[in-house]
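**Student:** Model the structure of this input:
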Amino acid sequence: MIRCTERQEPLACEGKGGLDYTHEGAEDEGCHEVPEEPRMGFAIPPRMAVGGSATVRTFEVIAERDGRWWVFEIPELGTGGQARNLSEVDFEAQGVAAMWLDVGPETVAVNVRVKGPEQAMAEWRAAAHDEEEARMAQTRAAARRRAVVKQLREQGWTAPDAGRVLGISKQRVYQILGEHDKANA
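**Tutor:** Take a look at the predicted model:
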């Protein structure tokens, strides 16, 4: 239990794991010095002046797979660590940064960037490029089909006749023409 060093009374817990370091007469100098005790594996944050608020520092973290572990680096601090699962990297990196700075974990935030194997990432980018080219080709093909349907209809063909010649239903002929009208609206 954490106690105020001046009054030797327990400090109340407030909210999600945040400690309330205030009590009556808290304005007194030196009142909020508390010996460090482990708290969920983190050092206890230094006491703050009454009415003060903690600022949250955000650190960039780079994580990548190394065997069965996810290793991470916090370049700004020149340190890092590891986690068993990728889902644990945020928590572990936050804890490492907090311990490195000797502050509470609630005053540290991390932005994790995950590095994948270069070959896999290159293949992923190539697939995305192929997908974009396919979308553009599909758009061009749709425009050409609309032009054919429009041309046949302008030549006086009925929707059922145009559909039968093109291998589509008369409803699809109307739909294609409707899509064209909506696109040009």
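
**Student:** So which elements touch the top helix by length along the chain?
**Tutor:** With secondary structure taken from DSSP state H, the chain has its longest helix at helix 118-154. Packing contacts for helix 118-154, counted by 3 or more CB pairs under 8 Å, 6 or more residues apart in numbering; DSSP states H and E, involve helix 159-166, helix 170-184. Quick note: C-beta positions are derived from backbone N, CA and C, even for glycine.

**Student:** And these: which comes nearest Ala127?
**Tutor:** helix 170-184 (28.2 Å; CB to CB).

**Student:** can you list the domains in the chain?
**Tutor:** According to automatic domain parsing, the chain comprises the domains 1-50, 57-115, 119-184.

**Student:** Which of the ones you listed has the lowest mean pLDDT?
**Tutor:** In terms of average pLDDT, domain 1-50 trails the rest of the domains of the chain, at a mean of 42.

**Student:** mind listing what Val148 touches?
**Tutor:** Residues near Val148 by CB atoms under 8 Å, 6 or more residues apart in numbering: Leu166.

**Student:** Are we agreed that Val96 is in a strand?
**Tutor:** No - Val96: not assigned to a strand; according to DSSP: H, G, I helix; E, B strand; the rest coil it is helix.

**Student:** Would you check how far apart the nearest residue to it once chain neighbours are set aside and Phe59 are?
**Tutor:** Among residues not flanking Val96 along the chain, Gly81 sits closest, at 4.5 Å (CB to CB, 6 or more residues apart in numbering). Per CB to CB, to the nearest Å, Gly81 is found 12 Å from Phe59.

**Student:** Does anything pack onto the lengthiest strand in the chain? Which helices or strands?
**Tutor:** As assigned by DSSP state E, the longest strand anywhere in the chain is strand 57-66. Helices and strands touching strand 57-66, by 3+ CB pairs under 8 Å, 6+ apart, are strand 69-74, helix 89-101, strand 108-115.

**Student:** In CSV, list these along with distance to Ala141 and mean neighbour count.
**Tutor:** Below are the helices and strands packed on strand 57-66 laid out as CSV (distance: least, CB to CB, whole Å; neighbours: other CB atoms under 10 Å):
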stretch, distance to Ala141, mean neighbour count
strand 69-74, 44, 19
helix 89-101, 44, 20
strand 108-115, 37, 15
